[in-house]
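**Student:** My questions are about this predicted structure, shown below with the sequence.
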Amino acid sequence: MGEANHTINLFATQSPLVQSVIEQEGVAFSRRIYVEKKYGKDAPLFLTVYDWLVGEMEKRVPKPQGAEYPYWLYENAYSATSEAGDLLKLQLPREHCLFFDVYDWNKVLALRFIGENAAEEQRFQQQLADYGVRRPMDVMLSSFYPDLKRQLLDSWQRLFRHHDAIAAGLPHEAQSVQAAVWCLKKEWIQK
């Protein structure tokens, strides 16, 4: 495999503060406390999902000392600019990334089921309705539905269905690629 297959170009939007840390220290790490501050009263919802992702990411991408939470990178600048801050173009080794489809990640953020297809997702929605549950969020944030919660969490493993192909630089079926990385390094930023 050539050098081009070992690296990938991705985009991120970061605050001037994060960029200053990268410039001064050569690396920046995201922290749980930053998520708590950013999302305020909605933080418990995001922490539930982010904590799950951190546990899964540790299984797939080595976690460097000092890392707590991931940074988000995107395959195109358009997706990255949906966040506040300045756009960065990065070139980094693929092995530092956990890859997934943006649309699947949005389902996880909404505490929704990720099916193999739309019909499977509809069947799960019907199962919720049969139990009298209005929203998947009600399953995740309560202890009343352990079987439904397990099904929902198991479905989230599909978030990583494109990871191996993208990591290897192979064709994949992800609609829009997003990546999580443990840190941002100065050497990855393209001028």
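**Tutor:** Yep, that arrived. Numbering: from 1, shown residues only.

**Student:** who's in contact with Ser176?
**Tutor:** 74-76, 79, 101-103 (CB atoms under 8 Å, 6 or more residues apart in numbering). Every residue, glycine included, has its C-beta placed from N, CA and C.

**Student:** and with 7 Å instead?
**Tutor:** 75, 79, 101-103 (CB atoms under 7 Å, 6 or more residues apart in numbering).

**Student:** just Asp164 next, same as before
**Tutor:** Neighbours of Asp164 in contact, by CB under 7 Å, 6+ apart: none.

**Student:** can I assume it sits in a helix?
**Tutor:** Yes. Read with DSSP: H, G, I helix; E, B strand; the rest coil, Asp164 is one of the residues of a helix.

**Student:** Show the average pLDDT along the lengthiest helix in the chain.
**Tutor:** Scanning the chain for the longest helix, with DSSP state H as the assignment, gives helix 43-60. Helix 43-60 shows a mean pLDDT of 92.

**Student:** buried stuff in that helix?
**Tutor:** For helix 43-60, a neighbour-count test (16 or more other CB atoms under 10 Å) marks 43, 45, 47, 49-50, 53-54, 56-57 as buried.

**Student:** go on, stretch 20-35?
**Tutor:** For stretch 20-35, by 16+ other CB under 10 Å, it's 21-22, 27-30, 35.

**Student:** Sitting in helices, which of the residues you listed do you find?
**Tutor:** 21-22, 35.

**Student:** Which one of the contacts of Ser176 is nearest to Gln127?
**Tutor:** Distance to Gln127, by CB to CB, is smallest for Tyr103 among the contacts of Ser176, at 21.7 Å.

**Student:** How much space separates Arg32 from Glu120?
**Tutor:** Between Arg32 and Glu120 the distance is 33 Å, computed by CB to CB, to the nearest Å.

**Student:** what's the longest helix of the chain in contact with?
**Tutor:** Against helix 43-60 from outside (CB under 7 Å, 6+ apart): 35-36, 39, 69-70, 98, 108-109, 140, 156, 163, 180.

**Student:** before we move on, the earlier item: make CSV out of the buried residues of stretch 20-35 and add pLDDT and distance to Asn9.
**Tutor:** Converted to CSV, those look like this (pLDDT from 0 to 100; distance: CB to CB, whole Å):
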residue, pLDDT, distance to Asn9
Val21, 95, 22
Ile22, 96, 17
Val27, 97, 19
Ala28, 96, 19
Phe29, 96, 22
Ser30, 93, 21
Val35, 85, 26
